[in-house]
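[1] Here is my input; please provide its structure:
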Amino acid sequence: MSRFSRTFRWFGWPALCGFLVALLILQQYPSLTGIPEKKPVAEQPAQEFVPSFNSAVVKAAPSVVSIFTQRTLRRPGNRENNLISEPFSKSRIPRRQQVQSSLGSGVIVSPAGYILTNNHVIKGADDIIVALPDFRETRANVIGVDPETDLAVLKIEIQDLPSADWADSKSVKIGDVVLAIGNPFGLGQTVSQGIISATRRDLRLSNYEGFLQTDAAINIGNSGGALVNAKGELVGISTALISSDGGSEGLGFAIPSNLAKFVMSSIIDKGRVVRGWLGIESTALSTELAEAFNLPLGSGILISGVYEKGPAKAAGLQRGDIILRINDLVTYDARKVMNSVAKLKPGSKVTIMVLRDGKKMPFVAEVGERPEDPSRG
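    Below you'll find the model as predicted:
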């Protein structure tokens, strides 16, 4: 055995074993090193995310107002008085007056004091009072109404008002979060939250519609109020509800913002709603009609009537023609076609592709202005 081996045997192995033992002891008792021990950092509980639409409300609520109306109802007196007065002039029939009050909501759409609401909110009113969110009250004048969409434009003489920001209602999708802001039951400004349940809903309440349906609570008094998206932008004007007892059952409806803006702008600019008109009556193709014309379902609308003095008649269209396309608009929904044509500028030209006797034929028509009563045109 070499001298080195003997030295390692007597001194090296004991030293190595001692080092390993010391290392194990220090691992178990780190405080013996004199270095402060690092304490484990306690895990912080994850904060729960609570969604809030406060920023949307703060943005939209200042432009939503409450509307109070009064009208005087006049009716004949009691039966006894009527019997006594019957032999005389009707002007001598005693009449009693009754004041009827109603309430609704509105949306400020211009800093100059223009307010958009429903026609049925102010119809027949003798006095219209607008209550602002800051508790100021003032009388309003009617600038114009449009029974075709149940919209009305009011004006108050207060300047520099907060006005709504418009959203493009075409971008609204089923499932989007919306907030209804209005004056339900006269309680004052109230906010309810829900989603868009359906778009382009047809209730046959007016000629031009395509309602946004929502489960956000819309009650009596919400009519004319705002339906806004999660950004606080106006997507619709609350208009109607379906209910068995007058309260909200999750079936509320709003006029889309694009339609409301079109009507409002026309009333403010021209004092009336100017709509494009072709002078036809139409219906969607039923399954039977589509099969009869050898067409896919939803590929056109059938002209069921042509007004004698209308643009379509002048262009050569006939009853029984199937309209396949108007410019770039594919026609499959008669009401959608009517709404689209209404937005065309009178005097503009449109190309109408129709199917007649199995052949596709193009016609060019000059858009007219829709008369108040087309049947008299």
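
[2] contacts and neighbour counts: CA atoms only from here.
    Noted.

[3] how near is the most centrally placed residue in the chain to Lys360?
    Most central in the chain under C-alpha atoms, centre = their mean is Gly236, positioned 2.3 Å from the mean C-alpha point. To Lys360, Gly236 is 39 Å away according to C-alpha to C-alpha, to the nearest Å.

[4] for Ala240, same thing?
    Remark: distance between Ala240 and Lys360 (C-alpha to C-alpha) = 42 Å.

[5] Which one of these two is surrounded by more residues?
    Ala240 (22 against 13; other C-alpha atoms under 10 Å).

[6] Where does the nearest residue to that one once chain neighbours are set aside fall, secondary structure wise?
    Closest residue to Ala240 apart from its sequence neighbours, by C-alpha to C-alpha, 6 or more residues apart in numbering: Phe253 at 5.1 Å. Taking DSSP states H and E as the definition, Phe253 sits inside strand 252-256.

[7] and that strand, what does it pack onto?
    Packing partners of strand 252-256 (3 or more C-alpha pairs under 8 Å, 6 or more residues apart in numbering; DSSP states H and E): strand 211-214, strand 234-241.

[8] Repeat the analysis, applying 10 Å as the threshold.
    Using 3 or more C-alpha pairs under 10 Å, 6 or more residues apart in numbering; DSSP states H and E, the elements in contact with strand 252-256 are strand 190-201, strand 211-214, strand 226-229, strand 234-241.

[9] who does it pair up with?
    Counting by DSSP bridges, the strands paired with strand 252-256 are strand 211-214 (antiparallel), strand 234-241 (antiparallel).

[10] so how far is that strand off the chain centroid?
    Here strand 252-256 is found 5 Å from its chain centre; the criterion is C-alpha atoms, centre = their mean, to the nearest Å.

[11] next structured bit after that strand?
    On the C-terminal side of strand 252-256, the closest following helix or strand by DSSP H and E is helix 257-270.

[12] by contact count, what packs against that next one?
    Judged by 3+ C-alpha pairs under 10 Å, 6+ apart, the packing partners of helix 257-270 are strand 114-118, strand 141-146, strand 151-155, strand 211-214, strand 226-229, strand 234-241.

[13] Select, out of these, the one closest to Pro51.
    Across the helices and strands packed on helix 257-270, Pro51 has its closest neighbour in strand 226-229 (14.3 Å, C-alpha to C-alpha).

[14] how far does that closest one sit from the chain's center?
    6 Å.

[15] Now do the same for it: mean pLDDT, whole number.
    Averaging pLDDT along strand 226-229 yields 98.

[16] Report the residue ranges of every domain in the protein.
    The chain breaks down into these domains under automatic domain parsing: 3-27, 62-155, 169-270, 276-376.

[17] Report the distance from the third one to the chain centre.
    Going back to what we said before, that points to domain 169-270. Domain 169-270 sits 5 Å away from the centroid of its parent chain (C-alpha atoms, centre = their mean).
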